[in-house]
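> next comes the sequence, and after it the predicted model I'd like to discuss.
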Amino acid sequence: MNQLHPGVYVVDSLPKDVPTRPVGAAIPGFVGIAEKGPINTATYITSWAHFVREFGSFLKDAYLAYAVRSYFANGGTVCWVTRVSAIDEQKKIVAKTATATATDGGEPGVVVLEFAAPTPGTWGNDLGYSITAQETTYTLTLYENGIKIADYLNCTPATAESKVVDALIKITVKDKVTMPAATEGIVKLTGGSNGDEGITDNDFIGDPAIHSGLYAFDAIKGAVNISIPGGTTVSIHNAITSYVGNDGFRFGILDAPMGKTPTEMAQYKATINSSKYAAIYYPWITALDPIGEGKTPTILLPPSGHIAGVYSKINATRGIAKAPAGVETALGNAIGLEWYITDAEQDILDPISVNCIRLLDNEGIVVWGNNCLDGTQINHQLLQIYIKTWFDANFKWVVFEPIDDRILGPSGLVTMTGNAFMSRLLAEGAFDEAAPMPFFVQCDRENNPKEQTDNNHLQIDVGYARKGLAKMVTISIGITR
């Protein structure tokens, strides 16, 4: 702009900085059977109490609720939960009834209201309602296990016609009415089903075309550690490794099959696919069972819920680069193990990348392995996923920007923003400080030559020097004189 004469000049100002957004790390996504709640929909859960409100409590022979409770008991903060069911999504079997009738001019009318549980499940069979009619209004009362939970006083037909929805019951208008008739006592809902009968591996794995099962997490962007608690077949394990490997931003936590000796576990490991995006844990964990029978009932639980909590705790207390293993991982909600592994048995399992959970003297029950299925280290992989997730989330602003010196070069916005993030990780001990170049972020003319930028392609290169792990510690002891 030529500024040769006195006056006011208005110009477009380019931003000198780009705000960054944090991304989550070590957030698990659980898939399983629940008492209630939406089917094939990833739901964000912030506490055990929140899970109970959304999905109910413990079910016999289903491990989802146990895994989520174990996750929060071991330092978990938030998670995603997907409920699966053998119920066809188009033919949900919900507890319901449709006996409320209307009167019009003193004559019996038609069924006008359908009362139903909002989601499938036998839990809906514990719900009920009653209607007390007055001259021009009525009172609708909702019940759970015969106990009143809500009153809707002075309801009118107009209120009902626009749907009355409660957290525990859904009332859908079937016809326009003057006023529903009173009920004789409590009308219970019937016909609810959990959809656990006839459920197969395919229900847990899901269908990518309709985003069911594992694929419900397609809608969730960012790093998510996937597990199907208690899903211990080759087909489920290979489905998880395939899903997380194809995505590249997720990690799989696999449960070893229950009831296997260390030798049998080694044989099983050879049957599943190798992957740097997943890890398997052995053995199962003994915990108290809130719905068990007897004076002090116990249950064997798949370890994935506990392990997901350990990932979350270590990330919060030590950072994403710290291995989620060692003496800091003493497990909560654990009173024993299905198999107490010896050093000799771990000598069989660790070299083939089966992560052991062990009882150590003075330390309790701890995670004593840090191997991905292919032998790479879990913390290295989680760090790489976290860095990829951060750059993916924080550089979308570059798309459709002109490729010029504003974003290119050592002082460009891309390099400056990336360096600030990587410097923070360096300060947290994520990289090898002794390396000649602990990390770099490059976006300049060297890796973006003119023939490339003329084709509207921008290249950003990121690298870092990772730290080794003290897995085998040798202590040499000798007599000095």
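Yep, it's here. This structure is a prediction, so every number in the text was calculated from the model and none was measured.
> quick check: K148 is in a strand.
Yes: according to DSSP: H, G, I helix; E, B strand; the rest coil, K148 belongs to a strand.
> burial check on it, number of neighbours?
By the criterion of other C-beta atoms under 10 Å, K148 has 12 neighbours. (Each C-beta comes from the backbone N, C-alpha and C, glycine too.)
> equivalent analysis for G76, please.
Burial of G76 is recorded as 26 neighbouring residues (other C-beta under 10 Å).
> hmm, it is touching G309, no?
Yes: counting by C-beta atoms under 8 Å, G76 touches G309, with 4.3 Å between them.
> low pLDDT regions in the stretch 51-200 of the chain?
Along the stretch 51-200 of the chain, the model assigns pLDDT under 70 to residues 88-92, 98-113, 134-138, 152-169, 171-182.
> try 90
61, 86-198 (pLDDT under 90).
> quick one, helices of it?
Along the stretch 51-200 of the chain, counting by DSSP state H, counting those that start in this stretch, helices occupy 64-73, 157-161.
> what lies in contact with the longest one?
Judged by C-beta atoms under 8 Å, 6 or more residues apart in numbering, the contacts made with helix 64-73 from elsewhere in the structure are 28, 30-35, 45, 47-48, 51, 55-59, 79, 81, 83, 227, 229-230, 285, 287, 299, 301-302, 304-306, 308-309, 312, 332-334.
> keep only those of those that are in strands.
Among the contacts of helix 64-73, the ones falling in strands (DSSP state E) are 28, 30-32, 45, 79, 81, 83, 227, 285, 287, 299, 301.
> need those residues in a markdown table (columns: neighbour count and distance to I352).
Formatted as a markdown table, these follow (neighbours: other C-beta atoms under 10 Å; distance: C-beta to C-beta, whole Å):
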| residue | neighbour count | distance to I352 |
| --- | --- | --- |
| P28 | 26 | 25 |
| F30 | 29 | 26 |
| V31 | 30 | 26 |
| G32 | 25 | 27 |
| I45 | 23 | 34 |
| C79 | 28 | 29 |
| V81 | 26 | 32 |
| R83 | 28 | 34 |
| S227 | 30 | 21 |
| I285 | 24 | 21 |
| A287 | 23 | 27 |
| I299 | 17 | 28 |
| L301 | 25 | 24 |
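> including distance to I475, could those residues go into CSV?
Conversion of the ones in strands among the contacts of helix 64-73 to CSV gives the following (distance: C-beta to C-beta, whole Å):
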residue, distance to I475
P28, 36
F30, 40
V31, 44
G32, 44
I45, 44
C79, 39
V81, 45
R83, 50
S227, 36
I285, 31
A287, 35
I299, 39
L301, 35
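> between those residues, which is closest to F395?
Nearest to F395, judged by C-beta to C-beta, of those is P28 at 25.8 Å.
> partner residues bridging the closest one?
Assessed by DSSP bridges, P28 has beta-bridge partners N225.
> was I right to think it contacts P229?
No: assessed by C-beta under 8 Å, P28 is found out of contact with P229, at 10.0 Å.
> before we move on, back to that, biggest separation within the ones in strands among the contacts of helix 64-73, which pair?
Checking those with C-beta to C-beta, the most distant pair is R83 and I285, at 23.0 Å.
> packing partners for the longest helix that the chain contains?
Counting by DSSP state H, the longest helix found in the chain is helix 378-394. Packing contacts for helix 378-394, counted by 3 or more C-beta pairs under 8 Å, 6 or more residues apart in numbering; DSSP states H and E, involve strand 250-255, helix 413-427, strand 461-464.
> neighbouring strands - and their directions - for the last one?
If you go by DSSP bridges, strand 461-464 pairs up with strand 439-442 (antiparallel).
> average pLDDT across the strand it pairs with?
Averaged across strand 439-442, pLDDT comes to 94.
> that strand: how far from the chain's middle?
What separates the centre of strand 439-442 from the centre of its chain is 31 Å, taken as C-alpha atoms, centre = their mean, to the nearest Å.
> got the contact list for the next helix or strand after it?
The C-terminal neighbour of strand 439-442 among helices and strands, as given by DSSP states H and E, is helix 450-453. Residues from elsewhere that reach helix 450-453 (C-beta under 8 Å, 6+ apart): 403, 459.
> helix 450-453: which residues count as buried?
Using 16 or more other C-beta atoms under 10 Å as the test for burial, helix 450-453 gives T453.
> what do you get for stretch 264-272?
By 16+ other C-beta under 10 Å, the buried positions in stretch 264-272 come out as 265-266, 268-269, 272.
> in TSV, list the residues you listed along with distance to L349, pLDDT and secondary structure.
Compiled in TSV, the buried residues of stretch 264-272 are given as follows (distance: C-beta to C-beta, whole Å; pLDDT from 0 to 100; DSSP: H, G, I helix; E, B strand; the rest coil):
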residue	distance to L349	pLDDT	secondary structure
M265	6	98	helix
A266	6	98	helix
Y268	11	98	helix
K269	8	98	helix
I272	14	98	coil
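> okay if I get those as TSV plus distance to V68?
Converted to TSV, these look like this (distance: C-beta to C-beta, whole Å):
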residue	distance to V68
M265	25
A266	30
Y268	26
K269	27
I272	25
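> which of those sits closest to D405?
Within these, the smallest distance to D405 is 50.5 Å, found for I272 (C-beta to C-beta).
> what sits against the nearest residue to that closest one once chain neighbours are set aside?
Using C-beta to C-beta, 6 or more residues apart in numbering and skipping the chain neighbours, the partner closest in space to I272 is H237 (4.6 Å). Residues near H237 by C-beta under 8 Å, 6+ apart: 231, 254, 272-273, 280.
> can you flag the buried ones in those?
For the contacts of H237, a burial check counting by 16+ other C-beta under 10 Å picks out 231, 254, 272, 280.
> S130 contacts K148, correct?
No: taking C-beta under 8 Å as the definition, S130 is not a contact partner of K148, at 9.0 Å.
> anything in contact with each of those two?
Residues within reach of S130 and of K148 at once, by C-beta under 8 Å, 6+ apart, are T141.
> chain center to stretch 438-446: distance?
Worked out by C-alpha atoms, centre = their mean, stretch 438-446 lies 34 Å from the chain centre.
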